[in-house]
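Asks: After the sequence you'll find the predicted model.
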Amino acid sequence: MKLGFAFKCVCFALLLACFAAAQAPVAEAPQAPPVGSAAPVPYSSISELNLMLSQLEQMSQATQLDLAKLRIEKWKTDGNTKRATQEDVASLERNLQNALPEIVSRLRNSPENIATTFELYRNLDALYGVFGSVVESAGAFGSRDEFQSLQNDLSALERSRRSFADRMDALANGKEAELTRLRTEVQTLQTARQAATAPPKKTIVDDTETPPKPVKKKSPKTTKPVNPTTQQKPSPAPQSNPQTQTQNPQNPPQ
């Protein structure tokens, strides 16, 4: 009975040891940080954005007050122009009261979000186009005070639009440099992981001695016997012409 209990305890201990070994962490190569992880935003960038948003909000409040003071019905122009200007003013007020604050709130939560920054810039650009038409009409048909106040608001809107355009350009350049750095780091990590998981190279050493190659002996050159019949015969001596022989000196020529 006691032996059976001890055997069960030993088996249980072995099972625990195997389970612990299976759950032990396996050492792996370092992994690249996830793409979606956001880096901390520098304090200087947050301070710059807060200043720009504060100026934009001040411009929005001043513009809404000046738009509310307009007396378009008293302008010296036709009814169609008055109705068109009133519609533009109503569109500006809806944007300044609803759309613009919503984009500003999202940008405060994500200060260096390029998509939200571009959305704000595009909204300011649309506001500038409609607002410019209202200011032009106020200068032509409204009072001098109405035109002057709206002109100041338009100049403030233009400054905000330019400042956000510059910030968007700086953010885009910074993100491009960051992407280049991340690509380099990921490539380095992948190379290190491939080197760590690659099987070791086997070096085969051939220690068998190769037999020396047999040296071929050169056979002596044999000279061909000369055939006596093929030898050149000596050329016969030239025969003298009897007519050209020397005449007898006793018979001189006549």
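Replies: Here it is on my side, so go on. Numbering: from 1, shown residues only.
Asks: now what about stretch 82-101, what contacts it?
Replies: 56, 60, 63-64, 67-68, 70, 72-73, 75, 123, 126-127, 130-131, 133-134, 137 (C-beta atoms under 8 Å, 6 or more residues apart in numbering). C-betas here are computed from N, CA, C, even on glycine.
Asks: Could you tell me which of these count as buried?
Replies: The neighbour count (16 or more other C-beta atoms under 10 Å) marks 56, 60, 63, 67, 70, 72, 75, 123, 127, 131, 134, 137 as buried among the contacts of stretch 82-101.
Asks: quick one: the helices in the chain?
Replies: For the chain, the helices defined by DSSP state H cover 2-23, 43-68, 79-94, 100-109, 114-141, 144-197.
Asks: Can you add mean pLDDT and distance to Lys213 and give these back as JSON lines?
Replies: Formatted as JSON lines, those follow (pLDDT from 0 to 100; distance: least, C-beta to C-beta, whole Å):
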{"stretch": "helix 2-23", "mean pLDDT": "46", "distance to Lys213": "59"}
{"stretch": "helix 43-68", "mean pLDDT": "96", "distance to Lys213": "78"}
{"stretch": "helix 79-94", "mean pLDDT": "96", "distance to Lys213": "99"}
{"stretch": "helix 100-109", "mean pLDDT": "97", "distance to Lys213": "83"}
{"stretch": "helix 114-141", "mean pLDDT": "96", "distance to Lys213": "74"}
{"stretch": "helix 144-197", "mean pLDDT": "90", "distance to Lys213": "43"}
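Asks: taking the ones you listed together, which one is wrapped up most tightly?
Replies: Sort the helices of the chain by mean neighbour count, taking mean count of other C-beta atoms under 10 Å, and helix 114-141 sits at the top with a mean of 17.
Asks: Between helix 100-109 and that one, find me the angle.
Replies: Counting by axes from the mean of the first three to the mean of the last three C-alpha atoms, to 10 degrees, helix 114-141 points 150 degrees away from the direction of helix 100-109.
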